[in-house]
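Trainee: Sequence plus predicted model, see below.
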Amino acid sequence: MIYFKNNGNPLIFKNQNRFELRKWRTTMKIGISTPLPAYKVTAAFIASTAETLGFESIWYAEHPVIPVKSSSRFPGSDDGLIPWTYSHFADPYIALAQASGATSTIKLGTGITLIPERNPLVLAKTVSTLDLFSNGRFIMGVGTGWLKEETELMGGDFEHRWSQTKESLLALKELWTKDEAEYHGKYYDFPPVKMFPKPHQKPHPPILIGGMAKNVLKRIVEVGDGWLPNRVTPQEIESSRKKIDALANEKGRNPNDISISVYGQPPDSQILEDLFNAGADRVIVRPDLKETELEVTRELQRIASEVL
């Protein structure tokens, strides 16, 4: 494909007689998720390569452990079997800290942080430190989790995991925004404490809530800054964007302050354009499994040539 410029907008040459204006390429934020296993190539190398190629963000997912025996169905496949790669995730915060030190502009996201599996007092400082040292580049994708056995092993209440997640997010906001913070809830209850440093971004890094639960859009408007869905169609994005806007107006929030970032999409320019036209602000594309620096470089170059 050959690209040209017209008043700052890229044109894609489709045939000898037709040019099609592709404004989405200059407007949409396009990130990259991390190929699995997530530790064969360092986060510093992947992030610096992605930044050089022009990706807006890099994302690390989270699964601290995968129980050998589990009755939970994996939501991303017809057979429900958990992929072997899911036991090969790196810790997202340590990985993103390394990525931060090797880059200067690329955003650093979690896709997602499993909130019921982390203590908010510890998580608040982890997030604040990463955001401060990266000069405000952190994006906090969060979720409740789908793997019951993992959640319970890590101390979460799987059957009421949204209630626990909501409490944690409210506690985190207190810790990030107040010099002396306290929180009193069912799952988390602590007296006034001091927690520094505070995040670079004010009042705190954006919180993107993942998932496709029935009430997810209400939850986003209530305590979040954006939606981070996976396995979603442009039609679902379009209808959800309208619902988010209506809910935000009802709550007195500016709909423009609530973003939609679609996670884990194939690097297909037509899919990205359709998602953009439907109302998505960001798409995170997924690379194929690669295990060497050369393979990762070629894979990121391939994806960049398709979608950037």
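Mentor: Arrived safely, thanks for sending.

Trainee: from memory S261 sits against G226, does it?
Mentor: Yes - the criterion here is C-beta atoms under 8 Å, and S261 meets it with G226 at 6.0 Å. Yep, even glycine has a C-beta here, placed from its N, CA and C like the rest.

Trainee: Quick check on these two: which one has the bigger neighbour count.
Mentor: S261 (24 against 21; other C-beta atoms under 10 Å).

Trainee: list the contacts for that one?
Mentor: Residues in contact with S261 (C-beta atoms under 8 Å, 6 or more residues apart in numbering) are 29, 31, 139, 141, 208, 226-228, 280-284.

Trainee: Find residues that contact each of S261 and G226.
Mentor: Contact criterion C-beta under 8 Å, 6+ apart; residues shared by S261 and G226: L208, D281.

Trainee: returning to that earlier point: out of the contacts of S261, which one sits closest to K202?
Mentor: Distance to K202 across these (C-beta to C-beta) is lowest for I139, with 14.8 Å.

Trainee: Out of the contacts of S261, which comes closest to Q301?
Mentor: Using C-beta to C-beta, G31 comes nearest to Q301 of the contacts of S261, at 16.1 Å.

Trainee: Can you give me the buried ones in the helix or strand encompassing that closest one?
Mentor: Using DSSP states H and E, G31 sits in strand 29-33. Across strand 29-33, burial judged by 16 or more other C-beta atoms under 10 Å covers K29, I30, G31, I32, S33.

Trainee: residues in contact with the fourth one?
Mentor: This means I32. Counting by C-beta under 8 Å, 6+ apart, I32 has contacts I46, A50, F55, S57, I58, W59, I284, V285, R286, P287, L300, I303.

Trainee: ok, which stretches of the stretch 201-308 of the chain are strands?
Mentor: Using DSSP state E, counting those that start in this stretch, the strands found in the stretch 201-308 of the chain span residues 207-210, 226-228, 259-265, 282-285.

Trainee: Would you mind giving those as JSON lines with distance to K40 added?
Mentor: Below are the strands of the stretch 201-308 of the chain laid out as JSON lines (distance: least, C-beta to C-beta, whole Å):
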{"stretch": "strand 207-210", "distance to K40": "25"}
{"stretch": "strand 226-228", "distance to K40": "25"}
{"stretch": "strand 259-265", "distance to K40": "19"}
{"stretch": "strand 282-285", "distance to K40": "19"}
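
Trainee: Distance to E273 and mean pLDDT for those strands - can I get that in CSV?
Mentor: Compiled in CSV, the strands of the stretch 201-308 of the chain are given as follows (distance: least, C-beta to C-beta, whole Å; pLDDT from 0 to 100):
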stretch, distance to E273, mean pLDDT
strand 207-210, 22, 98
strand 226-228, 19, 98
strand 259-265, 12, 97
strand 282-285, 10, 97
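
Trainee: wait, which of those strands is closest to E238?
Mentor: strand 259-265 (10.1 Å).

Trainee: now that closest one and strand 29-33, what's the angle there?
Mentor: 40 degrees (axes from the mean of the first three to the mean of the last three C-alpha atoms, to 10 degrees).

Trainee: Extract the CA atoms of strand 259-265 and return them as CSV.
Mentor: Extracted as CSV, the C-alpha positions of strand 259-265 are listed here (Å, rounded to 0.1, in the frame of the first residue of the first chain):
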residue,chain,number,x,y,z
SER,A,259,-13.3,6.5,26.8
ILE,A,260,-13.7,3.2,25.1
SER,A,261,-10.5,1.1,24.5
VAL,A,262,-11.1,-2.2,22.7
TYR,A,263,-8.6,-4.9,23.9
GLY,A,264,-7.1,-7.9,22.1
GLN,A,265,-8.1,-7.3,18.5
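
Trainee: from now on call the first residue 32
Mentor: Okay, residue one is now 32; in that scheme the one you just asked about reads as strand 290-296.

Trainee: any idea how far that strand is from the chain center?
Mentor: On the basis of C-alpha atoms, centre = their mean, to the nearest Å, strand 290-296 sits 7 Å off its chain's mean C-alpha point.

Trainee: how about it: buried residues?
Mentor: For strand 290-296, the neighbour count (16+ other C-beta under 10 Å) marks S290, I291, S292, V293, Y294, G295, Q296 as buried.
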